[in-house]
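**Q** mind looking at a prediction? Sequence and model below.
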Amino acid sequence: MPPRSPQPAALSDRAIENLSFIRSTMERATEFTAVPGWGGMAMGFSALVAALIAASQPVASQWLAVWLGEAAVGAALGAAGMVWKARRSGLPLTSRPARRFLLSFAPPLAVGAALTAVLWRGGLGAQLPGLWLLSYGTAVVTGGAFSVRAVPVMGLGFMGLGLVAFAVSPAWSNTLLAAGFGGLHLVFGWIIARRHGG
């Protein structure tokens, strides 16, 4: 009886390698990797400055103006960092993963913006830090489902701080906002920049 040919085993090994390659390629194609690490760190630094400025405001409306201004600055820094990273990496911002990220990220932010106006008009401005941290954290978690693992983990950190903000005295507002928008952006921005190319 002739010995069995080793051909089937070699074929199955090659098939497994091909399937592994296809799977990893598909996973990369569905992952939005242009989340900016350095841009996130810039957002963190600007939030720390905003927290210092906001803490010295004599009236609540000025405190609100500082943080709304910081939201605009942070959004601009994040968008610029994303465009810079995408161009440097050759990643189109019109790709399917980018659109999924945006469609998941934007709605929680829109809800947070709408509720900001409602709470402020209703005299519940002390609840804004919790709302902002929770809304932004939710946006980061949902958008991060289409990004690298550090992104949704960062979002969970924001959500946790939001819950704490609802539970503690409003005197902690700036500290918690600084810890979230400042500290978490700095820490996770550094992680993303080092592990995922800027």
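**A** Right, received. Where do you want to start? Quick caveat, the model's predicted, so the values are computed rather than measured. Numbering: from 1, shown residues only.
**Q** so how far is Ala86 from Arg100?
**A** 15 Å (Cβ to Cβ, to the nearest Å). Glycine gets a C-beta too; all of them are placed from N, C-alpha and C.
**Q** give the buried residues for stretch 104-116.
**A** Neighbour-count burial for stretch 104-116, counted by 16 or more other Cβ atoms under 10 Å, picks out Ser104, Phe105, Pro108, Leu109, Gly112, Leu115, Thr116.
**Q** for those residues, which one is nearest Leu52?
**A** Thr116 (21.4 Å; Cβ to Cβ).
**Q** quick check: phi and psi at the nearest residue to the closest one once chain neighbours are set aside.
**A** Distances taken as Cβ to Cβ, 6 or more residues apart in numbering place Leu128 nearest to Thr116, at 6.2 Å, with adjacent residues excluded. The phi and psi values for Leu128, taken as degrees, to the nearest 10, are phi -60, psi -40.
**Q** could I get the pLDDT score of Leu128?
**A** What the model reports as pLDDT for Leu128 is 97.
**Q** number of nearby residues for it?
**A** 23 (other Cβ atoms under 10 Å).
**Q** what's the spacing between it and Leu52?
**A** 18 Å.
**Q** which stretches in the chain count as helices?
**A** 7-29, 37-55, 60-89, 96-121, 128-144, 150-167, 173-177, 185-195 (DSSP state H).
**Q** so which of those helices is the most surrounded?
**A** Highest mean neighbour count of the helices of the chain: helix 128-144, a mean of 23 (counted as mean count of other Cβ atoms under 10 Å).
**Q** who are the packing partners of that helix?
**A** helix 60-89, helix 96-121, helix 150-167, helix 173-177 (3 or more Cβ pairs under 8 Å, 6 or more residues apart in numbering; DSSP states H and E).
**Q** so which of the ones you listed gets nearest Trp190?
**A** helix 150-167 (9.9 Å).
**Q** which stretches of this structure have low pLDDT?
**A** Counting by pLDDT under 70, the chain contains low-confidence ranges at 1-34, 198.
**Q** change it to 90
**A** Low-confidence segments of the chain (pLDDT under 90): 1-39, 79, 81-104, 143-151, 192-198.
**Q** any idea how far Phe105 is from the most centrally placed residue in the chain?
**A** Taking Cα atoms, centre = their mean, the centroid of the chain lies closest to Val140, which sits 3.8 Å from it. Per Cβ to Cβ, Val140 is found 7 Å from Phe105.
**Q** what sits closest to the residue nearest to the centre of the chain if chain neighbours are left out?
**A** Gly155 (3.1 Å).
**Q** from Phe105, how far off is that neighbour?
**A** 10 Å.
**Q** make TSV from the helices and strands packed on helix 128-144 and add distance to Leu48 to it.
**A** Converted to TSV, the helices and strands packed on helix 128-144 look like this (distance: least, Cβ to Cβ, whole Å):
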stretch	distance to Leu48
helix 60-89	10
helix 96-121	21
helix 150-167	15
helix 173-177	10
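**Q** so Ala54 makes contact with Asn174?
**A** Yes. Ala54 lies in contact with Asn174 (Cβ atoms under 8 Å); the separation is 5.7 Å.
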